[in-house]
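Engineer: Kindly generate the corresponding structure for this input.
(2 chains)
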Amino acid sequence: MVKDVICGMDVEESNAAGVSVYKGKNYYFCSTVCKQKFDASPEAYFKSDAADGDERDDEGELSVQKNKDFEEKKESEPILSRIDLPILGMRCAACASTVEKGLSGLEGVDTANVNLATSQATVHYNPLSLNLDDFIESVKKSGYDVGTSSVEIPIQGIQCASCVQAIERRLLQQKGIIKAVVNLATAKAKVEYIPSEINLPEIKKAIEDTGYRVLEIPEEEDAVRKKEYQDLKAKFLTGVALAVFIFLGSMPHLFPYIPDFLQYHYVLWILATPVQFWIGWQFYKGAWGAFKHRNADMNTLIAVGTSAAYLYSVIATLFPSFFVSGGIRPQVYFDTSAMIIVLILFGRLLEARAKGRTSDSIKKLIGLQPKTARVLREGQEIDIPVRDVNVGDVIVVRPGEKIPVDGTVIEGESSVDESMISGESLPVKKRKKDEVIGATLNRTGSFRFKATKVGKDTVLAQIVQLVRDAQGSKAPIQRLADVIAGYFVPIVISIAILTFVIWFDFGPKPALTFALLNFVAVMIIACPCALGLATPTAVMVGTGRGAESGVLIKGGESLETAHKLDTVVFDKTGTLTKGQPEVMGLKSYNSFSDENIVHFAASAERASEHPLGESIVNRAREMNLSLTQPEEFRAIEGRGIEASVNGKKVLVGNGEFMQERGISVASAKEQGRIYAVQAQTPVYVAVDEELAGLLAIADPLKDESIRAVEKLKRMGLEVVMLTGDNKKTAEAVASKAGITRVIAEVLPKDKVEEIKRIQESGKKVAMVGDGINDSPALAQADVGIALGSGTDVAMEASDITLIKDDLNGVAAAINLSKKTIKIIKQNLFWAFVYNTAGIPIAAGILYPFFGILLSPIIASVAMAFSSVSVVSNSLRLKRIKLGL
Amino acid sequence: MLARIIVTTIGILLVFLVNWYFLFSKKMTVKKSE
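Structural biologist: As a prediction, the model looks like this:
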């Protein structure tokens, strides 16, 4: 008996499906597939055998094998590892801290940071002492789940049972794969994995590395969040259906035509039970998770409150005589508990939907990269998937195609639109030895380039990582309601218990009935409906009001943060300015008219791709001038252009260029200096060796920039301009816009650092920008505000998008945030007033003096009323003026 | 009378436990994440 070196299966030499001779030794195979694989590259298998030879001999359990791989990894990799785990089921800051505490408590964890907004835990840990299963177990212990995706991948070429093991082992070696089961009968691999750690193409590559072919790769989708949302939606819809019947049955005096059987307490009980324990199970789960970590959050309030109403109703259903003996009509409150659960679930449904969008910016960024690359291999152009491109490959790019990876041009030239990466709208000229960036768009020419950076090293991949890190590093905002609830819940429970004790000890007969009723009344009136609605309704109405005015706010957290802002940082190009150079000033000399100068200059510039040239052509269009084709054209780098228009020699360029050509610009020099001081580029035009005119070209401020900046300053905010431009130009533009603090000469990748620096000085920063290069800074800022005219990625990375592209929206958004927060605080105040006034009454404080007792019915009405008042108050936000 | 004593004792104990568990003991636990 020998082993098949490909799949590790035991093979009888006499029964082997094939035999190969390598280095004088015979190798036997279980199937022809294994033999073919071996024959194709026998050395490759020996190389991998040397690396994991033991593994092939091991016939043990796969999980054991996986741990063994960890062990092997441990020795070679003693440094800290990082893992990002999507967490399901977190609703509040307290949930996040529960998970964080659990993870931090694991031995070997260096830091654990749980972000509520992205529902993600980032853990830095020592791989020597921990593995993925430990984290999953810890998260589960805290009462939450790790979001995993599973996928079925059809594989071609699986013939023997041990091929299955080879694939499974390889898959389980990959970081981020939890389970891998390959089914021989269906020839499919079922893989459970953590999407933030490994993606489908990587899984596919791992399978193909073992020598099998993946037939088709299923569409990758955000299955984790989608499933959570779908589950929630199904529960909510079922809940609504049940709650409607419970409500109708509980209010026979309002709905007299309701059939009698629906009013039976037993029927209501049957209807309410699934709502309480199936639909409302997550509240119990959350409350239990929080309880284990000594927290009391909204889940605790909802679970205790609805359970009190439910249990009371169950007792009233089962033992009505107990109440009758106390002179009280046995009343059930199944409608109360069911309605509360369904309402709160509705809020969570909206929240889950919004949360699903948080990862879109990353998806969009990744989507920028083309899927295939045309690579030159053995003199032939072949299309291969981008992930298979290696450093050193020569890639061919044709006009209109995207550049697949980063590299250096080795042949040909073209202009490339890099706007998706740099935000710069004008195409950049690329020739031999110039660097090209992956995901940018080749416009005019064809060229070949050598790949220098692929995979995770490309500029695009780094931007993706920057956005991811910036999003992940944001501290979760402690929700006011949760903080208060942390104290509120234990206090309410204490009061309820004391109420029970006092009524039991000192109350009139039947003491137990009174005690129980008042205990429940306290619980019901303290039920957190209004408290739970206070924030989400205001956020919903506030964001809706913003959207009507073109201010798109991504979720309540941004809305909450915006009111605390004290610094607004503007990107310059494309944000404060129009982003397109324009001819701002025009002066003619030596008997030339304005039209003349523009006609000559624009005709000469027609063939030019220079941004300044384009602005002159635009000016000619505005002046309705017809242009002529230049007979000759030559661009002189760093100087200007030389052309022949209608037989006249036209020069367009800077002062030095004119001097070199012996043209006197003395008469225009003063004007040129004035233009330069105003941050405008002076461009001289000469016709037939004579100075014809001077044009001032600049990227002008947007019409509303000055007003928008002034508004923000009036609101007491510090306004900062952040730009890659030189200091002089930046300061000139800033002073025009009314901005005093300028941070100039900042490279796109350093923008994040500048934002961090401002944040470190204790400021709450908003960043306003438009380009992809701004997206890491937008994500880093406490509030990122993107312009609607900007790139989709910037919009996705931001917290707020100004659809109308009007900078006044910045002030409007902050204003809206302030008003919304005000409403939220009022809501919380009223919710608490109801509770604090209602609790003593429910506890029976008025009974000794006036004989007044608050029945649980009145308590639930009061609670409903507090909810209504909170919702009405939130609706006021619909009518506020935003000053747009 | 005995019932009263039992209910009072359990009640006070529960109040103490709830507050100790959720409020006071928590303050004594040093949060690593902070």
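
Engineer: For the rest of this, base every contact and every neighbour count on C-alpha atoms.
Structural biologist: OK.

Engineer: Contact partners for the closest residue to residue A:4 other than its chain neighbours?
Structural biologist: Spatial nearest neighbour of residue A:4, excluding adjacent residues (CA to CA, 6 or more residues apart in numbering or on different chains): residue A:29 at 4.9 Å. Applying CA atoms under 8 Å, 6 or more residues apart in numbering or on different chains, we find residue A:29 in contact with A:3, A:4, A:5, A:6, A:11, A:16, A:17, A:18, A:19, A:35.

Engineer: how does it look with 6 Å?
Structural biologist: With contact set as CA atoms under 6 Å, 6 or more residues apart in numbering or on different chains, residue A:29 has these partners: A:4, A:16, A:17, A:18, A:35.

Engineer: Just the residues you listed: which are in helices?
Structural biologist: Residues of the contacts of residue A:29 located in helices (DSSP state H): residue A:35.

Engineer: Neighbour-wise, which one of the contacts of residue A:29 leads?
Structural biologist: Using other CA atoms under 10 Å in any protein chain shown as the neighbour test, the contacts of residue A:29 are led by residue A:4, with 23 neighbours.

Engineer: who in chain B is up against chain A?
Structural biologist: Residues of chain B lying close to chain A by CA under 6 Å from any CA of the partner chain are B:4, B:8, B:11, B:15, B:18, B:19, B:21, B:22.

Engineer: Heading C-terminal from the host helix or strand of residue A:165, find the next helix or strand.
Structural biologist: Element membership for residue A:165 (DSSP states H and E) is helix A:161-173. Following helix A:161-173 in sequence order, the next helix or strand is strand A:177-183 (DSSP H and E).

Engineer: Starting from that next one, tell me which strands it pairs with and how they run.
Structural biologist: Strand A:177-183 pairs in its sheet with strand A:188-193 (antiparallel), by DSSP bridges.

Engineer: What lies in contact with the partner strand?
Structural biologist: Here strand A:188-193 makes contact (CA under 6 Å, 6+ apart) with A:148-155, A:176-182.

Engineer: For stretch A:712-728, buried residues please.
Structural biologist: By neighbour count on 16 or more other CA atoms under 10 Å in any protein chain shown, the buried set for stretch A:712-728 is A:712, A:713, A:717, A:718, A:719, A:720, A:721, A:722, A:723, A:724, A:725.

Engineer: By mean pLDDT, flag the weakest helix or strand of the chain.
Structural biologist: Unless you meant another one, I'm taking chain A. Ranked by mean pLDDT, DSSP states H and E, the weakest helix or strand in chain A is helix A:62-76, scoring a mean of 41.

Engineer: Count the neighbours of residue A:733 for me.
Structural biologist: Close neighbours of residue A:733, defined as other CA under 10 Å, add up to 24.

Engineer: Stretch A:749-760: which residues count as buried?
Structural biologist: Judged by neighbour count (16+ other CA under 10 Å), stretch A:749-760 contains these buried residues: A:749, A:750, A:751, A:752, A:754, A:755, A:756, A:759.

Engineer: Quick one: residues contacting the third one.
Structural biologist: Contact analysis of residue A:751 by CA under 6 Å, 6+ apart lists residue A:777.

Engineer: For residue A:617, which non-adjacent residue is closest in space?
Structural biologist: Leaving aside its sequence neighbours, residue A:617 sits nearest to residue A:602 (CA to CA, 6+ apart; 4.6 Å).

Engineer: Am I right that the one you found is in a strand?
Structural biologist: No. The assignment for residue A:602 (DSSP: H, G, I helix; E, B strand; the rest coil) gives helix, which keeps it out of a strand.

Engineer: And the helices in chain B, which stretches?
Structural biologist: Listed in chain order, the helices found in chain B under DSSP H are B:2-19, B:25-28.

Engineer: So, low pLDDT: which residues of the stretch 301-450 of chain A?
Structural biologist: Counting by pLDDT under 70, the ranges of the stretch 301-450 of chain A that qualify are A:301, A:326-328, A:347-348, A:350-365, A:419-426.

Engineer: one more time with 50, if that's ok
Structural biologist: For the stretch 301-450 of chain A, the stretches flagged by pLDDT under 50 are A:355, A:357-359, A:361, A:423-424.

Engineer: Need the contacts of residue A:29 in a markdown table (columns: distance to residue A:637 and pLDDT).
Structural biologist: Listed next are the contacts of residue A:29 as a markdown table, based on distance: CA to CA, whole Å; pLDDT from 0 to 100:
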| residue | distance to residue A:637 | pLDDT |
| --- | --- | --- |
| A:4 | 66 | 75 |
| A:16 | 72 | 76 |
| A:17 | 70 | 73 |
| A:18 | 68 | 78 |
| A:35 | 62 | 75 |
